[in-house]
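> Turn this into a structure:
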Amino acid sequence: MLEKIKKYLYTLAFILLAVMVLPQTLSYADEVELSAEKILLMNKSELLAELENGELTLPTYYDTHRDVAETFVYKYTPLLLKEELDTSVPQFNYMPSNEMLKNLEISLIKRGLLKEKDFSKIYPETSYLSRYSLKDSTILGTWNSNYENYNCYAYSIGLTSWRQPDGGDGYSYYDVSKSISSIADDVLADLDSLGYWGYKTTTKPKSLPDKHFRVIRKRK
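This is a model prediction of the structure:
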């Protein structure tokens with residue numbers, strides 16, 4: 001009789017142990033076997049939390065502005081998974097955003113959601129500021145190797161170093177969520193600080209004041 005009781009207790013203990021361990025095992029498996037489909041179903045905060053669990057490193061600005069980081073990963077994770085982004089050249093005028101995109105891509109690769117890449121070719125040791133390329137653009141006039149240091153705004157006003165519409169350099173933050181009109185106001189203020197002048201218009205100019213006058217087009 002005593003032996004039967006012992007066997008019963010051992011069986012009961014085993015069943016209780018299995019019940020306690022099994023849910024944790026399943027939960028861990030679900031966490032590890034994260035698929036692209038599951039990621040695309042997450043909301044912004046869930047996605048950022050999941051990616052940070054996968055060792056996504058946030059640049060200082062994005063770590064401080066969590067809402068911006070959530071919006072970033074929510075927008076660009078699907079594009080990376082669908083291979084709709086060319087990461088061989090900088091995608092942004094703001095350097096921390098390029099760093100954020102690089103970190104996001106590396107995180108997805110570590111999770112097995114993207115193919116392995118040779119990062120020495122995609123993200124070489126040289127700074128983004130010295131390797132921005134005129135991808136899908138046509139060079140008009142004489143080329144100067146210093147233009148490799150440009151960004152679109154600086155290039156449009158004849159400078160050969162990065163510049164934001166408010167006069168900041170390539171590493172300074174500029175709020176690109178502003179309205180087109182507000183960005184145009186920043187450009188006019190910056191041009192004024194450089195000794196230039198300009199005006200806003202929503203239609204194509206029929207004529208220019210002189211041959212040195214330039215048209216800067218802003219769109220979103």
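> who are the neighbours in contact with residue 185?
Neighbouring residues of residue 185 by CB atoms under 8 Å, 6 or more residues apart in numbering: residue 200. The C-beta positions use only the backbone N, C-alpha and C, and glycine is treated the same way.
> per-residue pLDDT, it?
Listed pLDDT for residue 185 reads 93.
> Tell me which residues of the helix or strand where it lies come out buried.
In this assignment (DSSP states H and E), residue 185 forms part of helix 180-193. Neighbour counts using 16 or more other CB atoms under 10 Å place 183, 184, 186, 187, 188, 190, 191 of helix 180-193 among the buried residues.
> Leaving out sequence neighbours, find the closest residue to the last one.
Of all residues not flanking residue 191 in the chain, residue 198 sits nearest, at 5.2 Å (CB to CB, 6 or more residues apart in numbering).
> I figured that neighbour hits residue 190, correct?
No. Using CB atoms under 8 Å, residue 198 makes no contact with residue 190, being 9.8 Å away.
> Which stretches in this structure count as strands?
Using DSSP state E, the chain contains no strands.
> any idea where the helices of it begin and end?
Counting by DSSP state H, the chain has helices at residues 2-32, 36-40, 44-53, 60-64, 66-81, 95-110, 119-122, 152-156, 180-193.
> quick one: the residue lying closest to residue 113 once chain neighbours are set aside from residue 80, how far?
Spatial nearest neighbour of residue 113, excluding adjacent residues (CB to CB, 6+ apart): residue 36 at 5.4 Å. Distance, residue 36 to residue 80, using CB to CB, to the nearest Å: 10 Å.
> neighbour-wise, which of these two wins?
residue 80 (20 against 17; other CB atoms under 10 Å).
> Compute the distance between that one and residue 107, please.
10 Å.
> okay, and for the chain, where does confidence drop off?
1-34, 93, 117-140, 143-150, 170-173, 176-177, 220 (pLDDT under 70).
> Domain map for it?
By the assignment in automatic domain parsing, the chain contains the domains 20-126, 145-220.
> ok, and which of those domains has the densest surroundings?
Among the domains of the chain, domain 20-126 has the highest mean neighbour count (mean count of other CB atoms under 10 Å), at a mean of 15.
> Distance of residue 198 relative to residue 46?
Taking CB to CB, one finds residue 198 at 45 Å from residue 46.
> I'd like to know how far the closest residue to residue 91 other than its chain neighbours sits from residue 200.
Nearest non-adjacent residue to residue 91, counting by CB to CB, 6+ apart: residue 101, 6.0 Å away. The gap separating residue 101 from residue 200 is 31 Å, by CB to CB.
> contacting residues around the residue nearest to residue 191?
187, 188, 191, 216.
> before we move on, the earlier item: wait, the residue nearest to residue 113 sits on residue 81?
Yes. Counting by CB under 8 Å, residue 81 is a contact partner of residue 36 at 4.9 Å.
> Now do the shared contacts for the two.
Taking CB under 8 Å, 6+ apart as the contact rule, residue 36 and residue 81 both touch residue 113.
> who touches residue 181 in this structure?
Per CB under 8 Å, 6+ apart, neighbours of residue 181: residue 200.
> just the one 5 residues further on next, same as before
By CB under 8 Å, 6+ apart, the contact list for residue 186 reads 165, 166, 178.
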